[in-house]
Each structure stands twice: as C-alpha cells, then as structure tokens.
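Undergrad: following is a predicted model, sequence given first.
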Amino acid sequence: MTSPNAQDSVGQYDPDSAAKHRAKQTVINLVLALVATLGIVLVTVLVVPRDDSNRIKPIDYLAAAVAAEDSSKLNIAAPANLPEGWWANQAKWSETAADGVKVWKVGFVGPDNQYVGVTQAFAVNPTWVALALTGFEKYDYAFGSSENWTFYKPGKNTDADPYLWVLEKDGNFISLKSTATPIELEEFAFLIEKELNK
C-alpha cells in the first residue's frame, strides 16, 4: 500500500504552472498571428498593381473653345501653343449665368504642378468685377512686358492663389489666377493677349 504523500508527489497538479503555460502560449499565438497578418499585407502590397499615372487626364480645351466660339460668336482666349510641359485639366463655357455675364474658364497645369486658371468674362459690370477681386489687393510688378495687366496678390488673412493678374479691355475681363511664377505668368499673359488680338 502506497502512502498518500507518495501519490501526491507523483501525480501532483500545479495550477500556477498551467496558467503560466497558457499565458506563454497566448503570447506565442499573438506573435504568430501578427507575423501572418504582416506577411499578408506585404504580399498584397507587392502583388497588387498600382496606377502611378496622373488621375486627372488632359482635356481638349481647344475643341471646347471652338464650340464656345461657334455658339456665342465671341473671341474665346484659348492659346494653342502652351509652354513646354503645360496641359489643360478643365475648360468650361457658361453662357446663361444668372448675372448675365458670359464666362469662359480654362485651367492649365505645369510640369511642377503649378496652376494657371484663365477666366474670360464678357460685358462685365462693376459688381461682377468687384466680386472677382474680393480678397485681393494691388501690387506693383515692374518687370517683363505685361504693362496692360493689373497685378493683385491675396490680402491679409486671405487664403487664395498667390497671384491674380487682370486685363480689362472693351468691357471684357480676363484674369490669370495662379500658383506659377511671375515669369510663367508673363508667358501666359503674352499668349492671352495674342489670342485677343487675332
């Protein structure tokens, strides 16, 4: 007959040891799950093809300008020969605005993502012009050959494009709103004036 003490020492069950084993196994399972998840993410990133091209596609602004000219019989400013690397991302003709002002808008994007937005408005009134210039103040720009233009920059506490150049001619209003450099704006100002004089 064996003593109770001997049986206890042979088949003794330690609850603390079992708890430690379960805790250790939980940490191991957690680490394995994390590694598996990271592996799946890595494989997904490597395998799934990505489109790194520009999602905003160039548009045919010249065709839009021709259509606007045909319907309005007005001279729409849409320079055909843009500076190298520039392209149009929008073109819009509004002939039936509530304020009665017909407006042509075309946007150009440069090689460094700089932007020039051209607005051409016909038979404008002082209220329309004042609204277009809201938030801007005049500044002197003494370089280049854009003497027919008036130069504006954002006023204090105004979140707007760095430059606004305006040409008012024969009751019409042309503006260049831009994040481009003044030198680049001079190129566009020249191209716009050339279009207006054709």
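TA: That came through, no problem. This is a predicted model, so every value here is computed, not measured.

Undergrad: now the helix or strand residue 117 falls within: buried residues?
TA: Take DSSP states H and E as the rule and residue 117 turns out to sit in strand 115-122. For strand 115-122, a neighbour-count test (16 or more other C-beta atoms under 10 Å) marks 116-122 as buried. Quick note: C-beta positions are derived from backbone N, CA and C, even for glycine.

Undergrad: and of the residues you listed, the nearest to residue 61?
TA: residue 118 (9.6 Å; C-beta to C-beta).

Undergrad: packing partners of the longest helix along the chain?
TA: In the chain, taking DSSP state H as the definition, the longest helix is helix 15-47. Helix 15-47 sits against no helix or strand, with contacts defined as 3 or more C-beta pairs under 8 Å, 6 or more residues apart in numbering; DSSP states H and E.

Undergrad: centre of the chain versus it, how much separation?
TA: 42 Å (C-alpha atoms, centre = their mean, to the nearest Å).

Undergrad: immediately after it, which helix or strand?
TA: Trace forward from helix 15-47 with DSSP H and E and the next one is helix 61-72.

Undergrad: any low-confidence regions in this protein?
TA: 1-15, 18-19, 50-55, 142-146 (pLDDT under 70).

Undergrad: for residue 82, see how far away the residue positioned nearest the centre of it is.
TA: By C-alpha atoms, centre = their mean, the chain has its centre lying nearest to residue 113, at 8.4 Å. Going from residue 113 to residue 82 by C-beta to C-beta, to the nearest Å gives 15 Å.

Undergrad: one step back: can you name the element that comes right after the strand holding residue 117?
TA: helix 126-132.

Undergrad: alpha carbons only: can I get that following helix in CSV?
TA: Extracted C-alpha coordinates of helix 126-132, given in CSV (Å, rounded to 0.1, in the frame of the first residue of the first chain):
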residue,chain,number,x,y,z
PRO,A,126,-18.6,96.8,-61.7
THR,A,127,-20.3,94.5,-59.3
TRP,A,128,-19.1,91.4,-61.1
VAL,A,129,-15.5,92.8,-61.2
ALA,A,130,-15.6,93.7,-57.5
LEU,A,131,-16.7,90.1,-56.6
ALA,A,132,-13.9,88.7,-58.8
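
Undergrad: show me which residues of that helix are buried.
TA: Using 16+ other C-beta under 10 Å as the test for burial, helix 126-132 gives 128, 132.

Undergrad: other SSEs contacting that helix?
TA: strand 115-122, strand 172-178.

Undergrad: right, and those - which one's nearest residue 193?
TA: Nearest of the helices and strands packed on helix 126-132 (C-beta to C-beta): strand 172-178, 8.7 Å.
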